[in-house]
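Peer 1: What shape does this take:
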Amino acid sequence: MPVDIRPYTPADLTAVVAINDAAYPAVPITPAEELVELIALSRLTLVVDDGEPAGFIVALAPGLDYASENYTWFSARSSDFLYVDRIVLAPRLQGQGVGPRLYAAVDDAARADGATEITCEVNVRPPNPGSLAFHARLGFIEVGRQQTKGGANEVALFARAVASNGGAISAG
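Peer 2: Numbers count the residues shown, from 1 in each chain. Got it, this is the predicted structure:
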């Protein structure tokens, strides 16, 4: 079945919550109400659909009143970014080039906004080696680290320039 990437609709909420929470501890378990608030703040929320929702990405522009420790860190560093708060794919779609397609859409949105940088974070405690390798393949460079959730987690903070080639990114 073909894999489509399309804008989020409220009908996707139950599936997005399930996809998100199944990816714990790579992303935090998030109640539906919190995801609705996050999506309402977002510059871009896309759903991966292979006959049913099977992944999503949420990206935020700078200048928002958003209490995320990582978003706050990037906001203190710059006002010229598009921040990927989360990207989650069902295991059946991992390694099939869908993640780079999602980031290409983020690049397109960042370029449209005049942003020059894409930012995100990845857990290093608890470890998320798959996401670390994925982001490295997409050209992300570690620009900092911080402990979050009262020291329970540690994240690597990543940034990379917005792709200038129509969002095409080599997944190496």
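Peer 1: other SSEs contacting the lengthiest helix in the chain?
Peer 2: Longest among the helix segments of the chain by residue count, using DSSP state H, is helix 98-113. Applying 3 or more CB pairs under 8 Å, 6 or more residues apart in numbering; DSSP states H and E, one finds that helix 98-113 contacts strand 4-7, strand 44-49, strand 53-60, strand 81-89, strand 117-125. Quick note: C-beta positions are derived from backbone N, CA and C, even for glycine.
Peer 1: quick one: contacts for the closest residue to Phe134 other than its chain neighbours?
Peer 2: Among residues not flanking Phe134 along the chain, Gly99 sits closest, at 5.9 Å (CB to CB, 6 or more residues apart in numbering). When the contact criterion is CB atoms under 8 Å, 6 or more residues apart in numbering, the partners of Gly99 are Ile87, Leu89, Phe134, Leu138, Ala171.
Peer 1: ok, now Gly51?
Peer 2: Contacts of Gly51 (CB under 8 Å, 6+ apart): Met1.
Peer 1: measure it to Val162 for me?
Peer 2: Distance, Gly51 to Val162, by CB to CB, to the nearest Å: 32 Å.
Peer 1: likewise Ile141?
Peer 2: Going from Ile141 to Val162 by CB to CB gives 14 Å.
Peer 1: neighbour-wise, which of the two wins?
Peer 2: Higher neighbour count among Ile141 and Val162: Val162, with 20 against 12, using other CB atoms under 10 Å.
Peer 1: and the nearest residue to Arg86 once chain neighbours are set aside, what does it touch?
Peer 2: Spatial nearest neighbour of Arg86, excluding adjacent residues (CB to CB, 6+ apart): Val27 at 5.0 Å. The neighbours of Val27, taking CB under 8 Å, 6+ apart as the test, are Asn20, Arg86, Val88.
Peer 1: now Leu44
Peer 2: Counted by CB under 8 Å, 6+ apart, Leu44 has contacts Ile57, Val58, Ala59, Leu82, Ala105, Val106, Ala109.
Peer 1: so can I have TSV of the residues you listed showing distance to Cys120?
Peer 2: Output for those, formatted as TSV (distance: CB to CB, whole Å):
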residue	distance to Cys120
Ile57	10
Val58	11
Ala59	9
Leu82	10
Ala105	14
Val106	9
Ala109	14
